[in-house]
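S.K.: what would the 3D arrangement of this be:
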Amino acid sequence: MATNYASATTPIPGLRPPDKLSLGSNSKENWRLFYQRWTTYTKLAKMDQQPENVKVAFFLHLLDDDALRTFNSFQFNSPPENRTIQEIIDQFDHFAIGDTNETYERYLFNKRKQEKGEAFDTFLADLSRKIKSCNFCEQCRDSILRDKIILGIWSAEIQTDLLKVRALDLQKSIDICKAAENAESQNKMMRTGNIEDSTVNKISHKRDMSTKRNCRYCGGNHTFANKEKCPAYGKTCSKCKRQNHFARVCKAGGYDKPRQSHGSQSHPKKKMVRTVHEESENDSDDDWIYTINNDDDQDAITKEVKCRMKAGQQDVIFLIDTGATVNILPQHLVKREDIRPTIKRLTQYNGETLKTAGVVRTDL
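M.R.: You can find the predicted model right below:
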């Protein structure tokens, strides 16, 4: 019997059974992968030629300890000697997958976006897997997947290229995304000699956070593995009254005291504009925000230079951001429909990013 079983289940030399089922914390996905491997193996090994009790025994042999305990907890209508492999599979289906929550599955599908640096094939494969649980009709599934690719693609340039195409279908959108990804890879290879060199050069621009270097926030020399280790973190600058840097490295700059002549009446103090400086950044999608201030005396906090602008139908006093490429304003001052989306990220003087709702054009 053992000889017949071996010859029937291994008709292909070197064919190995699937790894044991381990449900783990992600039982739904782990079960689906195991069942896919099980189905493939049983076809190649011609398991359909085996008696039902042999198929059941072999299936149970492929369960790890936790999965076997789960099996022992199942309630069957038939006695053990009459159980079929399909009954056992149905029990694991119900346990690992259960009743599909269509709304939640569609939520997971709709929120999926391509991550920066993620290969398009990986992004597409995950979307294709998620859409299967959404119960979309067969006639509209391709168009929904096409729309999700356009909305979820990381590159704004590729997204624009997709929107330009008339009568865009799913396959054409996939071809455009793959062609753009391949072109970028080929462009790197042409400029650097090979893809490996391109990758190394890109990584070499990143700073080693474990190496000590001069800090632009405290002026000292320390590692940058943890920003909370910087002595200036959480401190307030005595010059500009902002946090997370010391006065000696303040980007608002210093201000000079007006000189006085002996024996003569002192002249009124001249308002000095604090200077701003921008440190070079490689990311072209970052904008830096600075403000321009003036001082009436040495101990004054800051008096802002402002101007009157029109936001919607109302006049608003704005603080001018000089040295920056953008100015900021509260969202409640403009109409929602006037706000246009943007991929720009705003970076403050202390290196922290500022989340924005979009961009809007106003009149002076």
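S.K.: quick one, what contacts A67?
M.R.: K20, L21, S22, L23 (C-beta atoms under 8 Å, 6 or more residues apart in numbering). Where C-beta positions appear, they are placed from N, C-alpha and C, glycine not excepted.
S.K.: just the strands in the chain please.
M.R.: 213-214, 221-222, 272-273, 286-288, 293-295, 303-304, 306-311, 314-319, 345-347, 353-354 (DSSP state E).
S.K.: average pLDDT for the third one, rounded please.
M.R.: Strand 272-273 shows a mean pLDDT of 40 in the predicted model.
S.K.: redo the contacts of A67 as CSV? Include pLDDT, neighbour count and distance to S128.
M.R.: Shown next, in CSV, are those (pLDDT from 0 to 100; neighbours: other C-beta atoms under 10 Å; distance: C-beta to C-beta, whole Å):
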residue, pLDDT, neighbour count, distance to S128
K20, 92, 13, 27
L21, 93, 26, 24
S22, 91, 14, 24
L23, 89, 20, 24
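S.K.: with distance to R242 added, can I get those residues in CSV?
M.R.: What follows is the contacts of A67, written out as CSV (distance: C-beta to C-beta, whole Å):
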residue, distance to R242
K20, 58
L21, 57
S22, 52
L23, 52
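S.K.: how is the chain partitioned into domains?
M.R.: The chain resolves into domains spanning 2-96, 102-204, 208-250, 268-364 when parsed by automatic domain parsing.
S.K.: confidence-wise, which of those domains is weakest overall?
M.R.: For the domains of the chain, mean pLDDT drops lowest on domain 268-364, to a mean of 58.
S.K.: what about S185, how many neighbours?
M.R.: S185 has 12 neighbours, counted by other C-beta atoms under 10 Å.
S.K.: just give me the closest of the contacts of A67 to M190.
M.R.: Distance to M190 across the contacts of A67 (C-beta to C-beta) is lowest for S22, with 45.4 Å.
S.K.: who's in contact with that closest one?
M.R.: N30, D64, D66, A67.
S.K.: do D64 as well
M.R.: For D64, counting by C-beta under 8 Å, 6+ apart, the contacting residues are K20, L21, S22.
S.K.: ok, the closest residue to K178 other than its chain neighbours - contacts?
M.R.: Closest residue in space to K178, ignoring its immediate chain neighbours: F120 at 6.0 Å, by C-beta to C-beta, 6 or more residues apart in numbering. Applying C-beta under 8 Å, 6+ apart, we find F120 in contact with Q114, I153, C177, K178, E181.
S.K.: what about the fourth one, distance to V165?
M.R.: Applying C-beta to C-beta, to the nearest Å, one obtains 14 Å for the distance of K178 from V165.
S.K.: next one: the first one
M.R.: According to C-beta to C-beta, Q114 and V165 sit 19 Å apart.
S.K.: ok, the two, which is more surrounded?
M.R.: Q114 (20 against 12).
S.K.: restricting to C-alpha, output stretch 180-194 in PDB.
M.R.: Taking Å, rounded to 0.1, in the frame of the first residue of the first chain, the C-alpha atoms of stretch 180-194 are listed here in PDB:
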ATOM      1  CA  ALA A 180       7.600  54.400 -17.600                       C
ATOM      2  CA  GLU A 181       9.200  52.300 -14.900                       C
ATOM      3  CA  ASN A 182      11.500  50.500 -17.400                       C
ATOM      4  CA  ALA A 183      12.400  53.900 -19.000                       C
ATOM      5  CA  GLU A 184      13.400  55.300 -15.600                       C
ATOM      6  CA  SER A 185      15.600  52.200 -15.000                       C
ATOM      7  CA  GLN A 186      17.200  52.400 -18.400                       C
ATOM      8  CA  ASN A 187      17.800  56.100 -18.000                       C
ATOM      9  CA  LYS A 188      19.700  55.400 -14.800                       C
ATOM     10  CA  MET A 189      21.700  52.700 -16.400                       C
ATOM     11  CA  MET A 190      22.600  55.000 -19.300                       C
ATOM     12  CA  ARG A 191      23.700  57.800 -17.000                       C
ATOM     13  CA  THR A 192      25.600  55.700 -14.500                       C
ATOM     14  CA  GLY A 193      26.900  52.800 -16.600                       C
ATOM     15  CA  ASN A 194      24.800  50.100 -14.800                       C
END
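S.K.: perfect, I'm done here.
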